[in-house]
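**Q** Based on what follows, work out the 3D shape:
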Amino acid sequence: MEKRARKFGVNRRALLVTAGIVWIVAGANILRIGVVTWASQSHYGLFRAGEAIVVFLLFFNLVFKRLFYKHTQRIERKGDRNCPFSFFDAKGWIVMCFMILFGILARTCRWLPETFIAVFYTGLSAALIVTGVLFLRYRYRNKDRL
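**A** Predicted structure coming up:
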């Protein structure tokens with residue numbers, strides 16, 4: 001009798017938790033860079049805070065909230081055994097890699113001023129962290145259904 005190899009995989013709940021953790025960790029790393037850069041700036045703190053809030057609102061409402069809905073719906077349609085990295089589709093992984101590469105290059109080559117990095121990274125990181133929390137909240141609220 002031939003033994004069938006067991007297929008390794010994770011369930012939908014684990015995908016949602018993994019997605020939440022990845023988004024939160026990515027946001028925390030970017031927040032660290034934003035805060036360190038922010039601390040080196042000594043002027044216009046209130047104005048920069050307002051700009052960071054605008055960046056947060058734009059990215060969260062126009063980009064990340066839509067991605068959250070897209071990926072949670074896709075994860076819901078998956079079976080019981082999934083690749084642990086399938087919380088993103090191929091396009092999502094490509095976009096994430098491009099964003100990381102561009103961020104590293106922009107800081108290394110000093111393409112953008114420090115004031116922009118401080119504001120943009122702080123707002124962007126907050127949007128990433130909130131999106132990660134949405135994935136975890138969605139998993140918690142739908143634990144019986146998934």
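
**Q** Apart from its chain neighbours, what residue comes closest to the residue nearest the centre of the chain?
**A** Nearest to the mean C-alpha position of the chain, counting by C-alpha atoms, centre = their mean, stands W23 at 3.1 Å. Distances taken as C-beta to C-beta, 6 or more residues apart in numbering place G132 nearest to W23, at 3.2 Å, with adjacent residues excluded. C-beta: built from backbone N, CA, C; applies to glycine.

**Q** With K65 instead?
**A** Nearest residue to K65 in three dimensions, chain neighbours excluded: T131, at 7.1 Å (C-beta to C-beta, 6+ apart).

**Q** So for whichever strand or helix holds that neighbour, what gets flagged as buried?
**A** Using DSSP states H and E, T131 sits in helix 114-141. If you call a residue buried by 16 or more other C-beta atoms under 10 Å, then helix 114-141 has these buried ones: 115, 117-132, 134-136, 138-139.

**Q** wait, what's in contact with A127?
**A** G27, V55, F56, F59, F60, V63, F64 (C-beta atoms under 8 Å, 6 or more residues apart in numbering).

**Q** what sits against the nearest residue to V130 once chain neighbours are set aside?
**A** Nearest residue to V130, sequence neighbours excluded (C-beta to C-beta, 6+ apart): F60, at 6.0 Å. Going by C-beta under 8 Å, 6+ apart, F60 touches A126, A127, V130, T131.

**Q** repeat that with 7 Å
**A** When contacts are counted by C-beta atoms under 7 Å, 6 or more residues apart in numbering, F60 touches A127, V130, T131.

**Q** Likewise for L124?
**A** Contacts of L124 (C-beta under 7 Å, 6+ apart): I30, V55, F59.

**Q** Columns distance to V35 and pLDDT on top of the contacts of A127, output as a markdown table?
**A** Formatted as a markdown table, the contacts of A127 follow (distance: C-beta to C-beta, whole Å; pLDDT from 0 to 100):
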| residue | distance to V35 | pLDDT |
| --- | --- | --- |
| G27 | 12 | 96 |
| V55 | 14 | 97 |
| F56 | 14 | 98 |
| F59 | 17 | 96 |
| F60 | 19 | 97 |
| V63 | 22 | 95 |
| F64 | 20 | 95 |
